[in-house]
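Asker: here is the input, now give the coordinates:
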Amino acid sequence: MKLLSIFGFDEKCYVKNAKRASAAAAPLAAWVRANLDYSTILERVTPLQKEKNDLIKNLNEAEKQMEKLSKGLETVDERVAELKHNFEMHMKEATQIKIDLDKQQPFIDKQMRCSELRNKTNLAGTIKILVLGLAANETINVAGTLIDRLSGEYERWQEQIGNLQNELDCLEKGSLLSAAFVTFLGSESEQVRNEILNKWKGLLNLNDFSTLEFCVMETEKLNWSNKGLPTDALSQENAMILFNTTEIPLIIDPSGRASSFLMKHLKDKQVEKLNANDPNFLIQKSSDI
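Answerer: Model prediction:
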């Protein structure tokens, strides 16, 4: 349509002129006009359709990540339940020990008072009672230490449960924010990323949220570091985007560190590295395509 308008094509007069020239040509002219309108609409819709497909792919990846995190959370819940059960058992045992010791304490005190009134010839019996008293006191001390340790463990478990509950409450918003970060901010600078991400966090009330901590486990970051990836936040975020996006990335790597990292990380996939200065570069590239 743009090309026809350059040559002075008048859309309003086209069908009228065709009808004036020939009654049989009027339907054909209307058909041509309809096809031109269809091509114009198709030209506008095609990029939107592609963007829609990309967003659907990213949404599917985010849903897979949510499913993976949900399974991990179920495992954690099972572990917490097991630890709670063990804690309750230890508390019952410690309580029973203390009750038994409290019952025995009057008897021990009575025996010790009686031992003071006995004749010095009963020294062996007195020593035996003292040994029993010392053993009982030692048992009390051990039980108290056990209770103190279990109390500390209980507080730590409660803190872990609270952290896991907070992560579960933020799961949907965190997945949405991470998917948007991977989809739209991969090509932006670190400053622009932070500005836009902080704005999104404010809208979702997730000011303390970290996309890197949400999407990448500590073991995975350690694996990247062992393969040569720098440990700064920008490099870690770039790797996260690289391994989660559905787009084909363009990496500008003047230092060559990213290239070295990718070759080590993808060595099991038989990746071939091409050098632009190689005389056979075009031939190798054509064969790969």
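Asker: would you map the helices across the stretch 1-150 of the chain?
Answerer: For the stretch 1-150 of the chain, applying DSSP state H, counting those that start in this stretch gives helices covering 2-6, 11-21, 25-117, 123-169.
Asker: now Ser70. Nearest residue, chain neighbours left out?
Answerer: The shortest distance from Ser70 to any non-neighbouring residue, by C-beta to C-beta, 6 or more residues apart in numbering, is to Leu171 (7.7 Å). C-beta coordinates here come from the backbone N, C-alpha and C atoms, glycine included.
Asker: and that neighbour, how far is that from Lys221?
Answerer: For Leu171, the distance to Lys221 equals 20 Å [C-beta to C-beta, to the nearest Å].
Asker: and for Asn238?
Answerer: For Asn238 relative to Lys221 (C-beta to C-beta), the value is 13 Å.
Asker: and for Phe181?
Answerer: For Phe181 relative to Lys221 (C-beta to C-beta), the value is 17 Å.
Asker: more neighbours, these two?
Answerer: Each of Phe181 and Lys221 has its neighbours counted (other C-beta atoms under 10 Å); Phe181 has more, 23 against 17.
Asker: show the contacting residues for that one.
Answerer: Arg193, Leu197, Trp200, Thr211, Ile241 (C-beta atoms under 8 Å, 6 or more residues apart in numbering).
Asker: kindly recompute the last result at 10 Å.
Answerer: 188, 193, 196-197, 200, 211-212, 214-215, 237, 240-241, 244 (C-beta atoms under 10 Å, 6 or more residues apart in numbering).
Asker: among these, which ones are in strands?
Answerer: Nothing among the contacts of Phe181 maps onto strands, per DSSP state E.
Asker: check these and tell me the two furthest apart.
Answerer: Glu188 and Phe214 (18.8 Å; C-beta to C-beta).
Asker: between those two, who's got more neighbours?
Answerer: Ranked by neighbour count (other C-beta under 10 Å), Glu188 and Phe214 place Phe214 first, with 19 against 14.
Asker: excluding its backbone neighbours, what's nearest Leu262?
Answerer: Val271 (7.4 Å).
Asker: angles on the backbone of the one you found, please.
Answerer: phi -80, psi 140 (degrees, to the nearest 10).
Asker: near it, how many other residues are there?
Answerer: Per other C-beta under 10 Å, the neighbour tally for Val271 reads 10.
Asker: low-confidence stretches in the stretch 151-289 of the chain?
Answerer: For the stretch 151-289 of the chain, the stretches with pLDDT under 70 are 151, 288-289.
Asker: in it, which spans are helices?
Answerer: Secondary structure of the stretch 151-289 of the chain (DSSP H, counting those that start in this stretch): helices located at 171-184, 190-204, 211-215, 218-226, 233-244, 257-265, 281-288.
Asker: want to throw these into CSV with distance to Arg33?
Answerer: Shown next, in CSV, are the helices of the stretch 151-289 of the chain (distance: least, C-beta to C-beta, whole Å):
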stretch, distance to Arg33
helix 171-184, 39
helix 190-204, 44
helix 211-215, 50
helix 218-226, 58
helix 233-244, 46
helix 257-265, 52
helix 281-288, 43
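Asker: out of those, nearest to Ile41?
Answerer: Closest to Ile41 of these, according to C-beta to C-beta: helix 171-184, at 26.1 Å.
Asker: per-residue pLDDT, Phe107?
Answerer: pLDDT, Phe107: 65.
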